[in-house]
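1. Quick one: sequence plus predicted model below, questions after.
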There are 2 protein chains.
Amino acid sequence: MATPRKQVLIDTAYRLFNQHGYHATGIDRILADSGVSKATLYKHFKSKEELILEVLQQRHEQLYAMLERAMQENKSSHPALALFDALNNWFQSEHFYGCNFIKAGGEYPQIQDPIHSFSAWHKNSVSQLLSRYLPENQQYLSNAFCLLADGAIIAAQIRGQKDAAKQAKIFAQQLLTAHI
Amino acid sequence: MATPRKQVLIDTAYRLFNQHGYHATGIDRILADSGVSKATLYKHFKSKEELILEVLQQRHEQLYAMLERAMQENKSSHPALALFDALNNWFQSEHFYGCNFIKAGGEYPQIQDPIHSFSAWHKNSVSQLLSRYLPENQQYLSNAFCLLADGAIIAAQIRGQKDAAKQAKIFAQQLLTAHI
DNA sequence: ATTGAAATGAACAGGTCTGTTCACTATCCT
DNA sequence: AGGATAGTGAACAGACCTGTTCATTTCAAT
């Protein structure tokens, strides 16, 4: 069963946005790479912005599910630390181009922009997910883990520091044990 | 004494890049806002890319000098912690739109791109500056502080969490005291 | 007052951008 | 067989993009 055209567009756009950025990726390039006609794109999405939002929406669902699974499986000493194992796997993969939401929030800096506010919402929901896997008396560490995680993403993306997640995990561990 | 045209262009471009991003800011908008003619721009800069690089260069010098001064003045309990006080001041200012270098590295994702590699170089030089203000036996904390700092920048920029630097400072303090 | 450097304004070239429209085709369901 | 659904290809509009060119103006230093 062939992939529906709409999904082909989303997948292609996702890849191109990652490789080249949102503004730098034109509609025509997405169409050429996906082999879909322009009329079809504008039947499924009323604008480029809507396509971007759907790409981010799907990416959010993937990521959220992946993190939740990782923390439930709990291979690390503490469930919340599994976040950094997941990050590490991501950084090692060929398809790591930084965080979509950080980059989208950077390219659309106005907080009232739907793309920016969706990115903010995503980051908030990850923070809340994290706090569900921290004990009652260590809720405040959710913020620390978010800082370390986003910092690691930046280090890996900008500086090419692919071991950033491993380092972040060590520091997160130290914070956990510092206050038991 | 009037500001030279070249500097007017750099200042205007800096503001517009911050407010709207690099791709989203066209040359014509920079010219209109600065009141400089197009011929003059292309006498001082051979391309838009060169203008971006000079904007980043000046920003790097400002930032680096500011951080070095903050750590030398050393109003916090530990010189390296002054980084977070500086970040906090920045986040509170009206002119905070996130880190130029993170956003530039996001909009120009190819590591061989001069804009991306300059951003990487900037982040590395801040990391080295930091390690100069950490004792011999705590050098590894330079990485931790970088992660916390960049994470705080993202939290403030994307999520509007303006107290991110204050939180980051607390966690940095805990890491410092955890290993004395 | 003259010269020379610096900047201007305006037009132009050649692309690229998003988004629209329309006649036509392929496919599946009944 | 007939009709609905989905997609194609191509052309078009109108705006915006970077970068070039050149005749003209401004202005400070000599």
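-> Yep, it's here. Because the structure is predicted, anything quoted here is derived from the model rather than measured. Residues are numbered from 1 along each chain as shown, chains lettered A, B, ... in the order given.
2. how about the one helix or strand residue A:105 maps to, does it reach chain B?
-> In this assignment (DSSP states H and E), residue A:105 forms part of helix A:100-107. Yes: using C-beta under 8 Å from any C-beta of the partner chain, we find that helix A:100-107 touches chain B at A:101-103, A:105-107. Using the backbone N, CA and C atoms, a C-beta is placed for each residue, glycine as well.
3. Give me the contact list for whichever helix or strand comes after that helix.
-> Going down the chain from helix A:100-107, the next helix or strand is helix A:114-132, by DSSP H and E. Contacting residues not belonging to helix A:114-132 are listed as A:22, A:49, A:52-53, A:56-57, A:60, A:63-64, A:67-68, A:71, A:80, A:83, A:101-102, A:104-105, A:107-111, A:139, A:142-143, A:145-146, A:150, B:154-155, B:158-160 [C-beta atoms under 8 Å, 6 or more residues apart in numbering or on different chains].
4. Show me the shaky parts of chain A.
-> Across chain A, the ranges flagged by pLDDT under 70 are A:1-2, A:180.
5. Count the residues that sit near residue A:150.
-> 29 (other C-beta atoms under 10 Å in any protein chain shown).
6. Point out the other helices and strands that the helix holding residue A:105 packs with.
-> When contacts are defined as 3 or more C-beta pairs under 8 Å, 6 or more residues apart in numbering or on different chains; DSSP states H and E, helix A:100-107 sits against helix A:5-20, helix A:48-73, helix A:114-132, helix A:141-158, helix B:100-107, helix B:141-158.
7. returning to what we had before: now the buried members of the contacts of helix A:114-132.
-> Among the contacts of helix A:114-132, the ones that count as buried by 16 or more other C-beta atoms under 10 Å in any protein chain shown are A:22, A:52-53, A:56, A:60, A:63, A:67, A:71, A:80, A:83, A:101-102, A:104-105, A:107-109, A:142-143, A:145-146, A:150, B:154-155, B:158-159.
8. Would you map out the domains in chain A?
-> Following automatic domain parsing, one gets these domains for chain A: A:1-45, A:52-178.
9. what's the first-to-last distance across the longest one?
-> For domain A:52-178, the first and last residues are 42 Å from each other (C-alpha to C-alpha, to the nearest Å).
10. is it anywhere near DNA strand C?
-> No: residues of domain A:52-178 contacting DNA strand C under C-beta under 7 Å from any atom of the strand: none, with a closest distance of 9.6 Å.
11. That domain: how far from the chain's middle?
-> 7 Å (C-alpha atoms, centre = their mean, to the nearest Å).
12. give the contact list for the residue nearest to residue A:24 when sequence neighbours are not counted.
-> Distances taken as C-beta to C-beta, 6 or more residues apart in numbering or on different chains place residue B:23 nearest to residue A:24, at 5.8 Å, with adjacent residues excluded. For residue B:23, the contact set (C-beta under 8 Å, 6+ apart) comprises A:21, A:23-24, A:107, B:107.
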